[in-house]
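A.B. asks: coordinates only, no sequence provided:
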């Protein structure tokens, strides 16, 4: 698999450069861009896995989520720059749904097939549950309710205030989890990293992360230019493109890494990647995009559609209910996947 990712990356990126220079049609550019981003995400996943072995599950999972979301942030930035605010908001929704239902679902399922029951930190589960409720239900639902009677200026002002609070709380949460209460979040995987040898050294892994992120930035810009043609060609709405297509491509790094960790029975890292990435999207990536949009011709309010909100709330409560006991199995994974498919069909037909 690693050789395939390497081959696809080294072929795909040059083809994108050639295609952009020679003005190839949008559909081939879209296909090659998606394949290239997924291949580059494989490099990001391997590099962060090496760092996870060196740094431990907490730092490793955080780094994986961060660099995985760097892909999402880059794609969203260029989409925002193109004025496609609907796709940006939909891709944020898709990231939340993809990480909670698809990534965590496949991780639970794949790991559960190999191991009857898998355990992860119950303190992590409870910590994640509280922040998920705050980020999705408080920070996302409140703007939708209050902006019903607001004009555009007040809506953007409210979004800015909420964004600053979200970023502040997210950073405070990291300080709480990684510094002041580090000992509380003990890991069932503590000794497992010591038994493994990282694929790459710390320095090499960091260099590969940076180079992969730069390559993703270029390919993402080319990908964004194909969205309008894609919608017209296949009759897909901006909502479906954002929630399903962009989210799956943007979260490829998390998909690859979380499933790999689950298959190795390192569920603390897998859960940290999937749920930690969700929290980072909701509490850091989305607010950052709101603030960045202030420098662009059209500001982006933190206001989602009713279907998006209902889908995210449903996913949040389902994950909390299944993960609060600190254990997982293949059937719980299948339940999460079934929910993702149902929501995906709904967005396709919407």
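C.D. replies: Nice, I can see it. Computed from a predicted model, the values in this text were never measured in an experiment. Numbers count the residues shown, from 1 in each chain.
A.B. asks: tell me which element the nearest residue to residue 55 once chain neighbours are set aside falls in.
C.D. replies: Sequence neighbours aside, residue 63 is the residue nearest to residue 55 in space, at 7.3 Å (criterion: CB to CB, 6 or more residues apart in numbering). Bear in mind the C-beta positions are built from the backbone N, C-alpha and C, glycine included. Assigned by DSSP states H and E, residue 63 falls within helix 57-81.
A.B. asks: equivalent analysis for residue 335, please.
C.D. replies: In the assignment (DSSP H and E), residue 335 maps to helix 330-349.
A.B. asks: hmm, residue 281 and residue 170 touching each other?
C.D. replies: No - look at residue 170 against residue 281 with CB atoms under 8 Å: they stay out of range, at 10.4 Å.
A.B. asks: looking at the two, which is more packed in?
C.D. replies: residue 281 (29 against 19; other CB atoms under 10 Å).
A.B. asks: count of residues packed around the nearest residue to the more buried one once chain neighbours are set aside?
C.D. replies: Nearest residue to residue 281 in three dimensions, chain neighbours excluded: residue 95, at 4.4 Å (CB to CB, 6+ apart). Here the count is done by other CB under 10 Å, and residue 95 has 31 residues near it.
A.B. asks: and if you look at residue 146?
C.D. replies: Residue 146 has 14 neighbours, counted by other CB under 10 Å.
A.B. asks: that one contacts residue 158, correct?
C.D. replies: Yes - Residue 146 is within contact range of residue 158, at 6.3 Å (criterion: CB under 8 Å).
A.B. asks: which SS state does residue 298 fall under?
C.D. replies: coil (DSSP: H, G, I helix; E, B strand; the rest coil).
A.B. asks: circling back to that earlier point, avg pLDDT for the helix holding residue 63?
C.D. replies: Across helix 57-81, the average pLDDT comes to 74.
A.B. asks: packing partners for it?
C.D. replies: Judged by 3 or more CB pairs under 8 Å, 6 or more residues apart in numbering; DSSP states H and E, helix 57-81 is in contact with helix 26-55, helix 85-97, helix 202-224, helix 247-250, helix 252-263, helix 267-280, helix 286-292.
A.B. asks: show me how far the fifth one is from its chain's centre.
C.D. replies: Put plainly, it is helix 252-263. Here helix 252-263 is found 12 Å from its chain centre; the criterion is CA atoms, centre = their mean, to the nearest Å.
A.B. asks: what packs against that helix?
C.D. replies: Secondary-structure packing of helix 252-263 (3+ CB pairs under 8 Å, 6+ apart): helix 26-55, helix 57-81, helix 104-114, helix 267-280.
A.B. asks: again, but for the first one
C.D. replies: Taking 3+ CB pairs under 8 Å, 6+ apart as the contact definition, the neighbouring helices and strands of helix 26-55 are helix 2-22, helix 57-81, helix 202-224, helix 227-234, helix 247-250, helix 252-263.
A.B. asks: per-residue pLDDT, residue 115?
C.D. replies: The pLDDT attached to residue 115 in the predicted structure is 91.
A.B. asks: ok, it - contacts?
C.D. replies: Contact analysis of residue 115 by CB atoms under 8 Å, 6 or more residues apart in numbering lists residue 265.
A.B. asks: distance from stretch 143-152 to the middle of the chain?
C.D. replies: Relative to its chain's centre, stretch 143-152 lies at 27 Å (CA atoms, centre = their mean).
A.B. asks: which of the residues in it are buried?
C.D. replies: For stretch 143-152, burial by neighbour count (16 or more other CB atoms under 10 Å) applies to 143-144, 147.
A.B. asks: and which of these is nearest residue 178?
C.D. replies: Closest approach between the buried residues of stretch 143-152 and residue 178, by CB to CB: residue 143, at 29.2 Å.
A.B. asks: is it correct that the closest one falls within a helix?
C.D. replies: Yes - under three-state DSSP, residue 143 falls within a helix.
A.B. asks: isn't it right up against residue 300?
C.D. replies: No - contact criterion CB under 8 Å: residue 143 and residue 300 do not qualify, at 11.7 Å.
A.B. asks: number of residues surrounding the residue nearest to residue 55?
C.D. replies: Residues within reach of residue 63, counting by other CB under 10 Å, total 24.
A.B. asks: got the contact list for it?
C.D. replies: Residues counted as contacts of residue 63 (CB under 8 Å, 6+ apart) are 48, 51-52, 55.
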